[in-house]
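Q: Provided below for reference: sequence and predicted model.
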Amino acid sequence: MKMWRKPLDLDEKSLPPAEIYIIESRCKGCGLCVEFCPRGVLKMSDEFNRKGYHPPFVEEPSACVGCHFCEEVCPEFAIFIGDQ
Amino acid sequence: MKQKASKKPDRHPKDELLREDRMPHIWCPGCGIGSAFSSCITALKKTGIDYDRLAVVSGIGCTGRVAGYLNLDSFHTTHGRAIPFATGLKLAKPEMNVFVFSGEGDLFSIGGNHFLHAARKNIDITVICVNNMNYGMTGGQVSANTPTGAITSTTPYGNAEVPLNLPSLAAACGAVYIARWLSLDVRRLAESILEALLKPGFSFVEILAPCPTAFGRRNSLGSALDMNKLYKENSVIRNGVHPDETVIEEGKKMVLGKFIDKERPTFLDRLSKTSELKSTAWPKKEMAAQR
């Protein structure tokens, strides 16, 4: 992510790690969360879920800033961010 | 390192407004209706209105299933007649916040006339229309919003008709709030639906949603993901432009934004003042005498 201005206390403070929960049985593998995640946290899995779709998995949990975009865009209500 | 995130899948935060026993829903993978529905739930949670005072009315079609999936007082009506049912509900119970969530085939092709008159009367309801440019559920037939030249199951050589421009139509009929967003614009869409729900009067939100299975397949627009990207690349946000400039046509980017936000007395406001209106009937006698 491009930062235009660097906060003065960036070294002292850090975001609490966001917890990403994926309800794999609901996923239909459309890939919207993977494609439109601004930090590239998610990736499509090679494994199948119960319906025969490929659900996403969390590849880089530390990169997540908890913006909840995946939670909003998911048409299946299959992914959400825990309370930070 | 591959790491599974689903340690203990708790309840999804939006499940409180979903009828979980009906999940999974019928919409195809990547369909825009799902994202639009998700934004609508976010907006409903933000309104702060008691869920007992909210009611959703839907017509028939893919989008019409929303009434069946939302855990509110809901009404799944006959084809095209969502707005008359919502009007009746609002007039009988003015304390309710009634909104219509339906598709463009239902609201504008089959039930177009009801939209005109509800907007003209300024009934205090919110209409959320998911425009996927065809009749998705019944097999992708041409609708009143299919773009010119598009191939559908009933126009195999391309659509010869000119589509309706919904924001212009709503503005001409007197809607007080008009916005149009992509289903992918989840945050702006949720904000718009929230404003529309809280706005007194007839408010209208159009959502351009990709239909990958029926519309995208015949027009070679690729997968659901490709269609979402295509819609994103071919749209431009221009808040406050005249609704006539928002026509969707070939060679032009789709115009998104909030176009109209004005005040106008609602039908119920006027109804309570009908006795006063008698004395100001038009044309006035003095005006007639001047001729």
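A: Arrived safely.
Q: quick one: residue B:93 and chain A, what's the gap?
A: Distance, residue B:93 to chain A, by CB to the nearest CB, to the nearest Å: 30 Å. Any C-beta I mention is one placed from the backbone N, CA and C, and that applies to glycine too.
Q: just the buried residues of stretch B:221-233, please?
A: B:221, B:223-229, B:231 (16 or more other CB atoms under 10 Å in any protein chain shown).
Q: which residues are contacting it?
A: For stretch B:221-233, the surrounding residues in contact (CB atoms under 8 Å, 6 or more residues apart in numbering or on different chains) are A:30-32, A:35-36, B:28-32, B:182-184, B:208, B:210, B:212, B:215-216, B:254.
Q: need the contact list for the one residue in chain A that gets nearest to chain B.
A: Nearest residue of chain A to chain B (CB to the nearest CB) works out as residue A:75 at 2.1 Å. Contacts for residue A:75 (CB under 8 Å, 6+ apart) come out as A:28, A:30, A:32, B:27, B:29-35, B:37-38.
Q: out of these, which one sits closest to residue B:75?
A: Of all these, residue B:37 has the smallest distance to residue B:75: 16.5 Å, by CB to CB.
Q: for the closest one, phi and psi?
A: Dihedral angles of residue B:37 (phi, psi; degrees, to the nearest 10) stand at phi -60, psi -40.
Q: now do the SS call for the closest residue to it other than its chain neighbours.
A: Spatial nearest neighbour of residue B:37, excluding adjacent residues (CB to CB, 6 or more residues apart in numbering or on different chains): residue B:66 at 5.9 Å. The three-state label given to residue B:66 by DSSP: H, G, I helix; E, B strand; the rest coil is helix.
Q: residue B:66 reaches residue B:56, doesn't it?
A: Yes - shown here, residue B:66 and residue B:56 form a contact pair, counting by CB atoms under 8 Å, at 6.6 Å.
Q: which neighbours do these two share?
A: Between them, residue B:66 and residue B:56 share the contacting residues residue B:101, judged by CB under 8 Å, 6+ apart.
Q: residues near residue B:139, how many?
A: 12 (other CB atoms under 10 Å in any protein chain shown).
Q: can you list the residues of the stretch 51-200 of chain B near chain A?
A: B:184, B:186-187, B:190 (CB under 8 Å from any CB of the partner chain).
Q: looking at those, which is nearest chain A?
A: Nearest to chain A among these, counting by CB to the nearest CB, is residue B:186 at 4.0 Å.
Q: excluding chain neighbours, what is closest to that closest one?
A: residue A:72 (4.0 Å).
Q: how about residues contacting the one helix or strand the one you found maps to?
A: Per DSSP states H and E: residue A:72 is located in helix A:69-73. Residues from elsewhere that reach helix A:69-73, judged by CB under 8 Å, 6+ apart: A:20, A:32-33, A:36-38, A:42, A:79-81, B:13-14, B:35, B:38-39, B:42, B:184, B:186-187, B:190.
Q: again, only this time at 7 Å
A: For helix A:69-73, contacts defined as CB atoms under 7 Å, 6 or more residues apart in numbering or on different chains pick out A:32-33, A:36-38, A:42, A:79-81, B:35, B:38-39, B:42, B:184, B:186-187.
Q: neighbours around the closest residue to residue B:236 other than its chain neighbours, how many?
A: In this structure, residue B:236 finds its nearest non-sequential neighbour in residue B:253, 4.4 Å apart by CB to CB, 6+ apart. By other CB under 10 Å, 12 other residues sit near residue B:253.
Q: what residues does residue B:253 make contact with?
A: By CB under 7 Å, 6+ apart, residue B:253 lies in contact with B:234-236.
Q: in the stretch 151-291 of chain B, which spans are strands?
A: Along the stretch 151-291 of chain B, counting by DSSP state E, counting those that start in this stretch, strands occupy B:177-182, B:203-208, B:235-237, B:254-261.
Q: okay, those strands, which one's buried deepest?
A: Across the strands of the stretch 151-291 of chain B, averaging neighbours per residue (mean count of other CB atoms under 10 Å in any protein chain shown) puts strand B:203-208 on top, at a mean of 28.
Q: helices and strands around it, which ones?
A: Secondary-structure packing of strand B:203-208 (3 or more CB pairs under 7 Å, 6 or more residues apart in numbering or on different chains; DSSP states H and E): strand B:126-131, helix B:166-173, strand B:177-182, helix B:186-198.
Q: average pLDDT for the third one?
A: By that I understand strand B:177-182. Strand B:177-182 comes out with an average pLDDT of 94.
Q: by contact count, what packs against that strand?
A: In terms of contacts (3+ CB pairs under 7 Å, 6+ apart), strand B:177-182 is packed against helix B:166-173, helix B:186-198, strand B:203-208, strand B:254-261.
Q: tabulate these (a markdown table), appending distance to residue A:51 and mean pLDDT.
A: As requested, the helices and strands packed on strand B:177-182 are exported to a markdown table (distance: least, CB to CB, whole Å; pLDDT from 0 to 100):
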| stretch | distance to residue A:51 | mean pLDDT |
| --- | --- | --- |
| helix B:166-173 | 35 | 93 |
| helix B:186-198 | 24 | 93 |
| strand B:203-208 | 26 | 94 |
| strand B:254-261 | 33 | 92 |
